[in-house]
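[1] Based on what follows, work out the 3D shape:
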Amino acid sequence: MPRLLLAAILFLTLVSGGAYGAEPLIPILNVKGPIGPATADYVDRGLEQARELGAEVVVLRIDTPGGLDTAMREIIKSILSSSVPVAAYVAPSGARAASAGTFILYASHVAAMAPGTNVGAATPVPLGLPSPLPSPPRPERQPEKDGEPGEEQASDDAKQQDPQPQPPARPTMSEKAVSDAAAYIRSLARMRGRNADWAEKAVREAASLGAEEALEIGVIDIVAATLEDLLKQLDGRNVVVLGQARTLTTKEARTVEIEADWRTELLAVITNPNVAYILMLVGIYGLMFEFINPGALVPGIVGAVCLVLALYALNVLPINYAGLALMLLGIGLMTAEIFAPSFGMLGIGGVAAFAIGSVILFEPGAPHFEVSWAVVGAVALSSLAFSMMVIAMAVKARWRPVVTGRQEMIGTKGHVVEWSGRTGRVRTHGEIWQASARTPLEPGQEIRVVSLEDLTLEVEP
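    Next up is the predicted model:
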């Protein structure tokens, strides 16, 4: 009887599992906020998980103002190489797919938007490099009338004065970035059969569209008010995945949210520029304190861990190495102020170099990935206060009486223990010393130390 019951339970489990597995599975990935290395890792791992689960299609729900170009391209590579179709869905109402989000929308197998959303404004942010000054316009030569005397001489003079043809101006870094982005989004538009002209306009002119207008001119494929509406419209749609035609079956599909795991969450935290900046400072100061006080262990261990995390974060973020060098120079100058007080010159110079390096640490071409001015100001003011404290301690130490060594003994008081003639023994600082004096002294008489010769004190009443 127990065997029959176990067999019945196993049979029902298999049957229910087969029926459950027959439903189309549709994972939902949420791309919300600035696109960075953590977002790229999350999408790549999510698409891999969808492939392992045998998903019918992956819905990439987007609400982003843009982000890093490197992270965007990693996401697009993952989408183009995915064996599972990807439907990018700008939702909910009020969301946007700006800048990098526009490229991801164009790269997806199906592009959809909810009413009240917008797409576009995909112009790359300039990298902060100045453009060359425009050359002055060349004066135009006036046409000469036929038959005027001296025509041949005037022509010769004009040839001599006419400057050489100017070479075409080289494109600036900003123009190169825009041209590269325009070519990239046009290639994605042609691959998916979408409006390539408007895509280039979004890059070159920062054009933007609402959902209905985007559907009318062929920028997107679907306008869906809800996720259920999107799945209904996706059912039966033909897409091309890795060169093979496929028909989507999303009717009565089972959706499942794929949340970011701890690794992605950790990556999102440490790749925040403010967090990476603070981790780097904690790491540097921790190691510095460990070198100053060997054997403390805690500052060294914490500093090493924080510095490794900071270096990993800086490796995936677009940093300016000149800014990093200025920060290290500033920390070095502030450290030098501790060992060689210069009455503020080294400390103030270090704070200035540190603050300037902090401001330019991250490239200006990375929107939403800059260090907060509040964080830079707080750290700079703290460093300045620390330097001022060191200066104040150095100045105070110059006027403080000597408390150790031979000089400390001069002026101290004591009393005579025993005396004979001009020599004897005295007690001072709780110690008994050999002493000498120019005048005879009596036991118990109070004395003051005048000088120290070897281990003998010169005293006086």
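
[2] From residue 42, how far off is residue 265?
    Distance, residue 265 to residue 42, by Cβ to Cβ, to the nearest Å: 9 Å. Where C-beta positions appear, they are placed from N, C-alpha and C, glycine not excepted.

[3] Quick one: low-confidence residue ranges for the stretch 201-350 of the chain.
    Within the stretch 201-350 of the chain, the stretches with pLDDT under 70 are 338, 341-344.

[4] Which stretches in it count as helices?
    With DSSP state H, counting those that start in this stretch as the criterion, the stretch 201-350 of the chain has helices at 211-216, 227-234, 262-270, 273-292, 298-316, 321-339, 345-359.

[5] Next, the buried residues of the first one.
    When neighbours are counted by 16 or more other Cβ atoms under 10 Å, the buried residues of helix 211-216 are found to be 211, 214-215.

[6] same deal with stretch 437-456?
    Result for stretch 437-456 [16+ other Cβ under 10 Å]: buried residues 437, 441, 447, 449-450.

[7] Quote the end-to-end distance of it.
    Counting by Cα to Cα, to the nearest Å, you get 10 Å between the two ends of stretch 437-456.

[8] residue nearest the centroid of this protein?
    Nearest to the geometric centre of the chain sits residue 273, at 3.2 Å (Cα atoms, centre = their mean).

[9] okay, residue 377: pLDDT?
    Note for residue 377: predicted pLDDT of 80.

[10] Next, the angle from the helix or strand containing residue 73 to helix 298-316.
    According to DSSP states H and E, residue 73 maps onto helix 69-80. Calculated by axes from the mean of the first three to the mean of the last three Cα atoms, to 10 degrees, helix 69-80 forms an angle of 60 degrees with helix 298-316.

[11] which strands and helices sit next to helix 69-80?
    helix 37-53, helix 100-107 (3 or more Cβ pairs under 8 Å, 6 or more residues apart in numbering; DSSP states H and E).

[12] ranking the ones you listed by burial, who's on top?
    Stretch with highest mean neighbour count among the helices and strands packed on helix 69-80: helix 100-107 (a mean of 28; mean count of other Cβ atoms under 10 Å).

[13] Please tell me I have it right and residue 260 contacts residue 268.
    Yes: the pair residue 260 / residue 268 is scored as a contact, 7.2 Å apart, by Cβ atoms under 8 Å.

[14] shared neighbours of those two, which are they?
    In terms of Cβ atoms under 8 Å, 6 or more residues apart in numbering, residue 260 and residue 268 are both contacted by the residues residue 38.

[15] Now do the contacts for residue 383.
    Counting by Cβ under 8 Å, 6+ apart, residue 383 touches 330, 334, 350-351, 354.

[16] Quickly find the element holding it.
    helix 373-399.

[17] after that helix, next one along is what?
    Per DSSP H and E, the first helix or strand lying C-terminal to helix 373-399 is helix 406-409.

[18] Strand partners (parallel or antiparallel) of the very next helix or strand once past that following helix?
    As assigned by DSSP H and E, the chain's next helix or strand after helix 406-409 is strand 413-420. In the sheet, strand 413-420 lines up against strand 423-428 (antiparallel), strand 446-453 (antiparallel) (DSSP bridges).

[19] in stretch 245-253, what counts as buried?
    By neighbour count on 16+ other Cβ under 10 Å, the buried set for stretch 245-253 is 246, 248, 250, 253.

[20] beta partners of the first one?
    Bridge pairing for residue 246 (DSSP bridges) gives the partners residue 239.

[21] if I pick it, what's in contact with it?
    85, 238-240.

[22] so how far is residue 239 from it?
    Remark: distance between residue 246 and residue 239 (Cβ to Cβ) = 6 Å.

[23] list residues touching both of the two?
    Shared contacts of residue 246 and residue 239 (Cβ under 8 Å, 6+ apart): residue 85.

[24] which residues make contact with stretch 234-245 from outside it?
    57, 81-85, 87, 109-110, 221-222, 246-251.

[25] Repeat that for stretch 217-228.
    For stretch 217-228, the surrounding residues in contact (Cβ under 8 Å, 6+ apart) are 28, 59, 61, 89, 91, 93, 105, 110-115, 119, 194-195, 198-199, 209, 211-212, 214-215, 230, 233-234, 237, 255.

[26] Show me which of these are buried.
    Taking 16+ other Cβ under 10 Å as the criterion, what is buried in the contacts of stretch 217-228 is 28, 59, 61, 89, 91, 105, 110-114, 119, 194-195, 198-199, 209, 211, 214-215, 230, 233-234, 237.
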